[in-house]
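> Dropping a prediction and its sequence here:
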Amino acid sequence: MNLIAEGREENSAYIQLLRIALYALAGAVIGIVLSVIILAFMGGSGGLTGYQGMDTESPAYLNIMRISQVVTTFFIFIIPPIWLSKSQNMAFTNFYSLKKIDIILVLLVILFMTAVSPVMEGVAITNQKMVLPEFLKPVENWMRNKEDELMKMTVLLLRIESTGDFFINLFIIALMPAVGEELFFRGALQRSFKRMFKNPHVAIWLTAFIFSAIHLQFFGFFPRMILGAIFGYIYLWTGSLWYAMLAHFLNNAYAVCIAWYMQSKHMSLSEADITLHFPWYGYVISLILSIFLLKYLKDKTTHDDGAKLD
């Protein structure tokens, strides 16, 4: 039985954007409060002071970081989109176009994300070498310091010492962000921007820009923005958020797998951009295959009358 009220029009795109922003802000506050409580509890008799004095290499510190990551993702990126759909009195699956999965499209997305990986690695390496003009050196130094801080946290979260750690990382680093960030950015923001601007390309790239900027990793800005646009076009063409979630999961899972491989070979994760690279023709082949598969995905969904993004 469908208990969702029918016949009521959605709020305007502007109201929806305001709602999701407020929900995310509320979620951030709740997440911070819960994280502080968790830190105080797990810090032992020393409370927060005990946590701050922990060895960053200790399992307890890593567990705290993992729990904090789960709480943050849940309350900032998963709960707000759920609240938004409820505020519109629409079924969650309809609002976010969570439609029946087509196995052929699943395979196409898997093939595409595999093919595009070398290209994205190349873009990432190029972005990391970005140098600002001399008069912006203070800004560049601040960006580098911020990047180093976030890298330390990333390396810590990617630490894998057992098969159990590998699956925990897949859940925390790959699955949860794939579901939460796609609901928030493609499902909520891109959908509202498309209604606002009446132009899917503006909506996709504006959402991709915000998606990348919010991560505050300046020397990974362009590859993340391109990935955000790719997820956006997959959502647009397939008409279902499942495929964007799958693409996002595969991208993050690739990073987890690379981290596992490097640690199994006793390699430093900070060496990834140095040791894991492709010859020039690998990037060319990757680019050609990626363009072909993306075009094939678009053509197939168009010819199959795939549902379009609302």
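All right, it came through fine. Numbering: from 1, shown residues only.
> Run a quick neighbour tally on T302.
T302 is flanked by 11 other residues according to other C-beta atoms under 10 Å. For the C-beta atoms, the positions are set from N, CA and C on the backbone; glycine is no exception.
> low-scoring stretches of the stretch 101-250 of the chain, by residue?
Of all residues in the stretch 101-250 of the chain, none has pLDDT under 70.
> Which parts of the stretch 1-150 of the chain are helices?
13-42, 47-52, 59-73, 79-87, 92-95, 103-128, 137-157 (DSSP state H, counting those that start in this stretch).
> Out of those, flag the one nearest T301.
Across the helices of the stretch 1-150 of the chain, T301 has its closest neighbour in helix 103-128 (7.3 Å, C-beta to C-beta).
> Please find the angle between the direction vectors of the closest one and helix 137-157.
130 degrees (axes from the mean of the first three to the mean of the last three C-alpha atoms, to 10 degrees).
> what's the offset of helix 103-128 from the middle of its chain?
14 Å (C-alpha atoms, centre = their mean, to the nearest Å).
> What residues sit buried inside it?
105, 108-109, 112-113, 115-125, 127 (16 or more other C-beta atoms under 10 Å).
> now swap in stretch 157-166 and tell me
By neighbour count on 16+ other C-beta under 10 Å, the buried set for stretch 157-166 is 157-160, 165.
> Give me the distance between the two termini of it.
Taking C-alpha to C-alpha, to the nearest Å, stretch 157-166 runs 11 Å from one end to the other.
> Serialize the helices of the stretch 1-150 of the chain to JSON lines and add fields for distance to L227.
Formatted as JSON lines, the helices of the stretch 1-150 of the chain follow (distance: least, C-beta to C-beta, whole Å):
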{"stretch": "helix 13-42", "distance to L227": "21"}
{"stretch": "helix 47-52", "distance to L227": "33"}
{"stretch": "helix 59-73", "distance to L227": "17"}
{"stretch": "helix 79-87", "distance to L227": "19"}
{"stretch": "helix 92-95", "distance to L227": "24"}
{"stretch": "helix 103-128", "distance to L227": "7"}
{"stretch": "helix 137-157", "distance to L227": "16"}
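> Sounds good, over and out.
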